[in-house]
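Student: Here you go, sequence then predicted model.
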Amino acid sequence: MSIRAAVSFALTISVIAGVAQVAHAAPATPEEQLVDAVKNGPYQKLGPWLANLYQEYTGTRDKKNFVTRNPVLNVHAGKIGVDLYASDAARLQGSLVALGASDIRSIGPLVSAQVPVSSLGDLAGLASLEFASPVLAQTRVDPRGGVVSQGDASLKADVVRAATGLDGTDITVGTMSDSYACNPPAFLPGAPTSTATQDIATLDVPSDGVEVLDNGPCPGTDEGRAMAQLVHDVAPGASLKFHTANDGQLDFANGILELQAAGANVIVDDVIYFAENMFSDGIIAQAADEAVKRGAAYFSSAGNDARSSYESAYRETLVTAPASGNLNGNGAPLTLRAHNFDDGSGVSTLQKIHVTQAGGQAVILFSFQWDQPFLSSTTYANLTDPTATSAPRGATGDLDLLIYDDNGVLVPFCPPGLSVGITCQLTGARNIGRDAVDIAALVVTGPKSKSGDFYIRFVRAAGAAPHHVKYVAFELAGLVDIVDHDTHSGAAYGHTNARNVESVGASSWYLTGNFDPYYSTLVQDTPGACVPACLNDFSSAGGVPIYLNKYGEVLATPEVRQTPDVTGPDGGNTTFFFFDTAFDDDDGDGCNTSRNTFITPCLDKPGDELPNFFGTSASAPHVAGVAALMLDKNPGLSATQIYDILQNTAQDIRKREVAVVPGPGESVYSALPAGPDDDSGYGFVDAAAAVAATPAPAP
């Protein structure tokens, strides 16, 4: 079963504002005009996302009860999480306090804070601010819609506990996600749910609860609580702690080190910041590596974006622009400096993609990056681990990802108020001297009769050309397919690709050997089709090269790290999170509660079936629980030893799920190479083999 549809957002959304321009010569090309207000207007320090939010706020009559229509931004109690870079750190922090900001975290010029939306205009005018960006992050849940996850048995962790008595006693596992005790309502009306207090009473978490070092703002989904339940299923004797990962990159990094300092032997997270570095180690990756250096084992979800990515050497060509004027000011014909997608002898500066709406809309976000330094992360490296040559370094070029319609016409900027029937884009941040990333978005709420075809172009607006470019496409609503020049590149980037982090892919519990007879019978498939396991269709592949060290210096030889490292199970039961699916029958009547009716012909009432937690967000805590069992046997294991044992005892995965069809032998899988690969890593984790291979502690 190929399930790629993401959570549907509210139909009316606001993505970007056309901010006022400062007085300067008008740009000549449509491309320049599109991004001019964002890059040169009074809100240029805020970038397009925050500028839009502020203009939406200023245009709202009921400012006291303001609620943004932008589904990508998380505004809580009138505040939004912001990452900031100061030109004067002391003055900026004082100004943030005066503006009503809270949860201020800082190191040198790097600051994370919750900033009132009403103060964003004043923030943009501060001389002490260099630039700011909103918290744009995503947990790794896949939205397929005393409780124990079936993943526990698929890993054979239940066998370990029964045979050895090991349960993670005296081991502490720290989890990081959005929130812990916000206690959201059921994700499906009438479905089972629970609160954090109830989880303690039912022993779905430790009897003494979970220590929350820092919670994310409520309301939240409590994905961190669901992760804690899964860790507890595998290692019920382990103590659990939680720290939010959703209050900015610096706060995330600080939280990693706070958990380690609070005694966490194992740390696991399931969050990606879209602006995390692809070609070097960013702030979060550096903090994760440091936590491992200090003694913790670190696990991170690989992501749910398969190979929805384009990656290439940068090949620049000149494109005649459809306008008069002079781009370079020297009287030459007007041209655009664009990337050539054709890697042969031809020229193609437009890459075709196809977008499919879901529920009347599509929101596709692109993290577009190039191999130049990030001022934010090189500053963090210089402050936390300085060397003789370390120094803050920013991008030397300014690039934009632009989107065109099926006629090759530039898609317009989205207005603050978006209505049904509009197609628009977000793009264009200042990069030179800042970070080498452009977070772009295509928003489609147009009629279904539209073709759904669009084109992507990379344009160098200013500065030095890079050597390599890459984007990863995130399906926030609807689907996207890369039609032309698809490089099928890995989508697992950021801290999950850090050198000392164990990245975890996902195989649904029913796609593993322990459940093969049940699964094969359910879908009338060939027995043994997924022994030892089949990789989920969405599980992110790795292989993203590292071209720069954390100080922004070019490596003599690019570093390609093994990512993911191993694969764990997902799709198991929780007490409240997320939806029930068609693959389990929790009450024994042969039916289930599901939006997927093609496998099981009857449905229970929502309250009769338990929610299932899909995505690498679920597989990572399962594997972290196995690490706790290993440490229970030998507390002296280093992170490297844990990783090596998990990898050496993992069962090789040779298939990736493509489609599950309820007919004899009709399910479809794609082949994976033997041995370690960039899709499944070393294979599916075997808890019994891993614990057996764990050496006894030295006397």
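Tutor: Ah, there it is.

Student: For the residue nearest in space to the middle of the chain, give me its contacts.
Tutor: Residue closest to the average C-alpha location in the chain (C-alpha atoms, centre = their mean): I272, at 3.0 Å. Going by C-beta atoms under 8 Å, 6 or more residues apart in numbering, I272 touches 137-138, 140, 303, 494, 496. Placement of C-beta: from N, CA and C, glycine included.

Student: So which residues of the stretch 151-300 of the chain form helices?
Tutor: 151-154, 157-164, 196-201, 223-234, 249-261, 283-293 (DSSP state H, counting those that start in this stretch).

Student: deepest of those, which one?
Tutor: Mean neighbour count (mean count of other C-beta atoms under 10 Å) peaks for helix 223-234 among those, with a mean of 30.

Student: Just the CA atoms of it, as CSV, please.
Tutor: Output of helix 223-234 as CSV, limited to C-alpha atoms (Å, rounded to 0.1, in the frame of the first residue of the first chain):
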residue,chain,number,x,y,z
GLU,A,223,4.0,13.1,19.7
GLY,A,224,6.8,13.1,22.3
ARG,A,225,4.4,11.2,24.6
ALA,A,226,3.6,8.6,21.9
MET,A,227,7.4,8.2,21.4
ALA,A,228,7.8,7.6,25.2
GLN,A,229,5.1,4.9,25.1
LEU,A,230,7.0,3.1,22.4
VAL,A,231,10.3,3.3,24.3
HIS,A,232,8.5,2.0,27.4
ASP,A,233,7.0,-0.9,25.4
VAL,A,234,10.5,-2.1,24.5
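
Student: Averaged pLDDT, it. What do you get?
Tutor: Across helix 223-234, pLDDT averages out at 97.

Student: Using the record's assignment, carve the chain into domains.
Tutor: Domain segmentation of the chain under automatic domain parsing yields 37-138, 151-307+493-693, 316-482.

Student: ok, back up a step: against F252, how distant is the residue nearest to the centre of the chain?
Tutor: Separation of I272 from F252 (C-beta to C-beta, to the nearest Å) stands at 10 Å.

Student: Identify the residues contacting the residue nearest to C530 when sequence neighbours are not counted.
Tutor: Nearest residue to C530 in three dimensions, chain neighbours excluded: L511, at 4.4 Å (C-beta to C-beta, 6 or more residues apart in numbering). Going by C-beta under 8 Å, 6+ apart, L511 touches 519, 530, 533-536, 657.

Student: Farthest-apart pair in those residues, please.
Tutor: Greatest spacing in the contacts of L511, by C-beta to C-beta: Y519 and L535 (14.6 Å).

Student: in the stretch 451-600 of the chain, which spans are helices?
Tutor: Using DSSP H, counting those that start in this stretch, helices in the stretch 451-600 of the chain cover 516-522.

Student: Break down the stretch 1-150 of the chain into its strands, ranges please.
Tutor: Counting by DSSP state E, counting those that start in this stretch, residue ranges of the strands within the stretch 1-150 of the chain are 75-76, 79-86, 102-107, 110-116, 129-134, 137-139.

Student: could you dump these to TSV with distance to V560 and mean pLDDT?
Tutor: Putting these into TSV (distance: least, C-beta to C-beta, whole Å; pLDDT from 0 to 100) gives the following:
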stretch	distance to V560	mean pLDDT
strand 75-76	39	89
strand 79-86	28	96
strand 102-107	30	94
strand 110-116	28	96
strand 129-134	28	96
strand 137-139	24	84
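
Student: what residues are up against V160?
Tutor: Neighbouring residues of V160 by C-beta under 8 Å, 6+ apart: 166, 629, 687-688, 691.

Student: and these as CSV, adding distance to A464?
Tutor: Output for those, formatted as CSV (distance: C-beta to C-beta, whole Å):
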residue, distance to A464
L166, 55
L629, 50
A687, 50
A688, 54
V691, 52
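
Student: Just the ones of those residues in helices?
Tutor: Judged by DSSP state H, the contacts of V160 include 629, 687-688, 691 as members of helices.

Student: which among those end up buried?
Tutor: Among these, the ones that count as buried by 16 or more other C-beta atoms under 10 Å are 629, 687-688, 691.

Student: Let me have these in a markdown table, extended by distance to P386 and pLDDT.
Tutor: Shown next, in a markdown table, are these (distance: C-beta to C-beta, whole Å; pLDDT from 0 to 100):
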| residue | distance to P386 | pLDDT |
| --- | --- | --- |
| L629 | 39 | 98 |
| A687 | 41 | 98 |
| A688 | 45 | 98 |
| V691 | 41 | 98 |
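
Student: Which pair of those residues spans the longest distance?
Tutor: Most distant of those, by C-beta to C-beta, are L629 and A688, 9.8 Å apart.

Student: which neighbours do those two share?
Tutor: Joint contacts of L629 and A688 (C-beta under 8 Å, 6+ apart) are 157, 160.

Student: Would you mark the buried spots in stretch 493-505?
Tutor: 493-498, 500-505.

Student: what about that stretch, start to end distance?
Tutor: 13 Å (C-alpha to C-alpha, to the nearest Å).

Student: before we move on, what about stretch 63-73?
Tutor: 17 Å.

Student: Pull the distance from that stretch to the chain's centre.
Tutor: 22 Å (C-alpha atoms, centre = their mean, to the nearest Å).

Student: what about P635, how many neighbours?
Tutor: Close neighbours of P635, defined as other C-beta atoms under 10 Å, add up to 11.

Student: Now it: phi and psi?
Tutor: phi -60, psi -10 (degrees, to the nearest 10).

Student: Now do the strands in the stretch 201-350 of the chain.
Tutor: According to DSSP E, counting those that start in this stretch, the strands that the stretch 201-350 of the chain contains are 211-214, 239-244, 266-269, 271-273, 297-301, 309-313, 316-320, 335-339.

Student: Low-confidence regions, the stretch 51-200 of the chain specifically.
Tutor: Low-confidence segments of the stretch 51-200 of the chain (pLDDT under 70): 140-145.

Student: mind checking which of the strands of the stretch 201-350 of the chain is nearest D678?
Tutor: Per C-beta to C-beta, nearest to D678 of the strands of the stretch 201-350 of the chain: strand 309-313, 11.6 Å.

Student: returning to that earlier point: deepest of the domains of the chain, which one?
Tutor: domain 151-307+493-693 comes out most buried of those by mean count of other C-beta under 10 Å, with a mean of 22.

Student: For my notes, please list the contacts of I272 in a markdown table and give distance to L476 for each entry.
Tutor: Shown next, in a markdown table, are the contacts of I272 (distance: C-beta to C-beta, whole Å):
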| residue | distance to L476 |
| --- | --- |
| A137 | 12 |
| Q138 | 8 |
| R140 | 14 |
| G303 | 14 |
| G494 | 17 |
| T496 | 19 |
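
Student: And the residues you listed, which is closest to T384?
Tutor: Among those, and counting by C-beta to C-beta, the member closest to T384 is G494, at 17.7 Å.
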